[in-house]
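Asks: following is a predicted model, sequence given first.
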There are 2 protein chains.
Amino acid sequence: MKKIINSPETFEDDTLQGIIAAYGDRLGLLEQNRRVLYSRYPAADNKVGIVTAGGSGHLPVFLGYVGQGLLDACAVGNVFASPSAQTMADAISKADRGSGVLCLYGNYGGDRLNFDMACEMADMEDIKTESVIVCDDVASSPKEQAEKRRGVAGMVYAFKIAGAAADSKMSLHEVAEVTRRALSSVRTMGVALSPCIVPRVGSPGFAIADDEMEIGMGIHGEKGISVQKMMSADETAASIFRALDEDMPLSKGDEISIMINGLGSTPLEEQFIVYRAVHRLAEEKGVSVIMPHIGEFATSMEMAGLSVTIAKLDSELKKLLQQPAKSPFYTNYNK
Amino acid sequence: MKKIINSPETFEDDTLQGIIAAYGDRLGLLEQNRRVLYSRYPAADNKVGIVTAGGSGHLPVFLGYVGQGLLDACAVGNVFASPSAQTMADAISKADRGSGVLCLYGNYGGDRLNFDMACEMADMEDIKTESVIVCDDVASSPKEQAEKRRGVAGMVYAFKIAGAAADSKMSLHEVAEVTRRALSSVRTMGVALSPCIVPRVGSPGFAIADDEMEIGMGIHGEKGISVQKMMSADETAASIFRALDEDMPLSKGDEISIMINGLGSTPLEEQFIVYRAVHRLAEEKGVSVIMPHIGEFATSMEMAGLSVTIAKLDSELKKLLQQPAKSPFYTNYNK
């Protein structure tokens, strides 16, 4: 296992300690639970809190979006594993400023189960919560069962919009509603070219042949729709764009943001080559593109591949997306 | 060759077109030479221009640092190859606002030769130029021949400081002098765990065994100091820190910035694990750390590995480093 680590057992805590060594002026770990990362950025006294949780191994997802105009706290699990309900409850408790907390997270069994328990624990502390679950991966279930879909890179749009909504002094229910509305217009699909290695496992969980790619693979290596011969960047982009457009039809005059998300070892150059093709396909439909996101936003350690997300925007969502936000891992400086 | 591209021949231009599709409001390509990328950000009329040049395959280096408070223009070569002298001259010409242009680039034979010619061409157009060459890689030559060292990730500190100096209305010679002074206190060393594939070549130029790492390898796969068994993150950090500290001794009370630069497929988690160790070693020497940079700043496509850069700062260099700057690829928002 070729990784620059100290040991599989200390992987997550070593990473967190590195993050605090670098950014301890802006981020902190709870004294009583070192798996809760919280924002030290200034924030309004009574704003709604936003919390997420998930496994390690996806940086900058999840904890990289703790910041200003973004998330208030994040519960951190082991690689590809949900954190405990208690850790989530501690994150909720830290994020509450008296106006309640939105729990915003990907659609995975462990996270759902633990967040449900954590919300009950918060309720006993008289903290109001609402939950919004991200299900943007069109490859993971058919449209008729969209509620079964996994949450992948599209969650970054949800973090950004929820954070801006909370900063706009919306109530908990209003923040939850606008985030749900944003997510109803977010779709993602990815391709993988290589597996990745979970440190505690030490070997790849699956293989992809040298001349093949897996269409629709999940960010933990969950099976995709099909395995096929390597396609060109333009063919890959067209295939993904078609699938997203079928699932959420785009029309002339629509405004969208496009995210090209590198999964780990796919160079930025290749991400821009795919962006070029997706941008053209959108323009050919008369769709205009604002605030493109190209880079690594939700990774699977050293997996090769990328995902494409389309977020369709109305005027309110566009305003929330453009509202300034920052964390050590994400800056939306809006030119 | 498992890459998401259209063809090796169009790799660079497809990438540039993707970048302009995404960021055309902030960056442009010269009409008469589509290998010159320039900044569209507002800038003072008579400020000194800063230009760099280099091969593709290292994003965000080189062109990712064209922006505000950074570079004014960049000449873009094919993967791992210098652009032509004419392309450099076009970049210089575009960047000149009447106060002259600093040519700031890595110490590679092709780039030096072509920049020398480009500066002569600029001279015939009555554009004043000065050149500063980045030689930060301590593994590439012994200290007595420091002028033979290659330029690697440390050049990002030079871009940042030169850009801030130019924005501070310094003269061309003053910008060159402060950039040279900054570079006299910048040292880098890296380790590689895997090779990368140049698209036009189609296969790796070298191999590294499954249980080995190469210490001191260059960003084009140039031979390092030694090949050895995989070390832990803490051992790797200690080995690099020792080499940097021997070359440029650090003393109690010094202020430094540390950059951990992922070469391509090394996950951000591992970069933070190494940062944790380097930060500790600095603190143990009584050295304080400001503005850490952790992420991918100068890559070698899908190469696995990372480099560590230490930039020692005095009060003027610190101020220039902290001065706000932005490009679509780099933001120094200083909290």
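Replies: Yep, that arrived.

Asks: separation between A:Ala95 and A:Glu12?
Replies: 21 Å (Cβ to Cβ, to the nearest Å). C-beta coordinates here come from the backbone N, C-alpha and C atoms, glycine included.

Asks: which residues of the stretch 1-150 of chain A lie near chain B?
Replies: For the stretch 1-150 of chain A, the residues in contact with chain B (Cβ under 8 Å from any Cβ of the partner chain) are A:2-7, A:11, A:14-15, A:17-19, A:21-23, A:25-26, A:56-57, A:59-60.

Asks: apart from its chain neighbours, what residue comes closest to A:Pro204?
Replies: A:Pro195 (3.8 Å; Cβ to Cβ, 6 or more residues apart in numbering or on different chains).

Asks: buried subset of the residues of the stretch 1-150 of chain A next to chain B as a PyMOL selection?
Replies: In PyMOL syntax, the buried subset of the residues of the stretch 1-150 of chain A next to chain B is picked out as below (16 or more other Cβ atoms under 10 Å in any protein chain shown):
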select buried, chain A and resi 2+3+4+5+6+11+14+15+17+18+19+21+22+23+26+56+57+59+60
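
Asks: care to break chain A down by domain?
Replies: With domains defined by automatic domain parsing, chain A comprises A:8-183, A:186-317.

Asks: same list (those) but as a markdown table, adding mean pLDDT.
Replies: Formatted as a markdown table, these follow (pLDDT from 0 to 100):
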| stretch | mean pLDDT |
| --- | --- |
| domain A:8-183 | 98 |
| domain A:186-317 | 96 |
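
Asks: rebuild those domains as CSV, extending it with distance to B:Arg276.
Replies: Formatted as CSV, those follow (distance: least, Cβ to Cβ, whole Å):
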stretch, distance to B:Arg276
domain A:8-183, 4
domain A:186-317, 16
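
Asks: which among the ones you listed is found nearest to B:Gln322?
Replies: domain A:8-183 (13.3 Å; Cβ to Cβ).

Asks: wait, is A:Asn261 part of a strand?
Replies: Yes - counting by DSSP: H, G, I helix; E, B strand; the rest coil, A:Asn261 falls inside a strand.

Asks: what's near enough to touch it?
Replies: A:153, A:188, A:190, A:271, A:293, A:295-299, A:306-309 (Cβ atoms under 8 Å, 6 or more residues apart in numbering or on different chains).

Asks: how many residues are close by the closest residue to A:Asn332 other than its chain neighbours?
Replies: Distances taken as Cβ to Cβ, 6+ apart put A:Ala325 closest to A:Asn332, at 4.7 Å, once the chain neighbours are dropped. Neighbours of A:Ala325 under the rule other Cβ atoms under 10 Å in any protein chain shown: 25.

Asks: could you verify my assumption that A:Ala325 touches A:Leu71?
Replies: No - using Cβ atoms under 8 Å as the test, A:Ala325 is too far from A:Leu71 to be in contact (9.9 Å).

Asks: overlap of the contact sets of these two?
Replies: A:Gly163.

Asks: coming back round to it: so for A:Ala95 and A:Glu12, which sits in the more crowded spot?
Replies: For A:Ala95 versus A:Glu12, the count of surrounding residues by other Cβ under 10 Å is larger for A:Ala95: 30 against 24.

Asks: show the contacting residues for that one.
Replies: By Cβ under 8 Å, 6+ apart, the contact list for A:Ala95 reads A:38, A:49-51, A:72-73, A:101.

Asks: would you convert those residues into JSON lines that also reports secondary structure and neighbour count?
Replies: JSON lines is the format used below for those (DSSP: H, G, I helix; E, B strand; the rest coil; neighbours: other Cβ atoms under 10 Å in any protein chain shown):
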{"residue": "A:Tyr38", "secondary structure": "strand", "neighbour count": "21"}
{"residue": "A:Gly49", "secondary structure": "strand", "neighbour count": "28"}
{"residue": "A:Ile50", "secondary structure": "strand", "neighbour count": "29"}
{"residue": "A:Val51", "secondary structure": "strand", "neighbour count": "31"}
{"residue": "A:Asp72", "secondary structure": "coil", "neighbour count": "27"}
{"residue": "A:Ala73", "secondary structure": "strand", "neighbour count": "27"}
{"residue": "A:Val101", "secondary structure": "strand", "neighbour count": "29"}
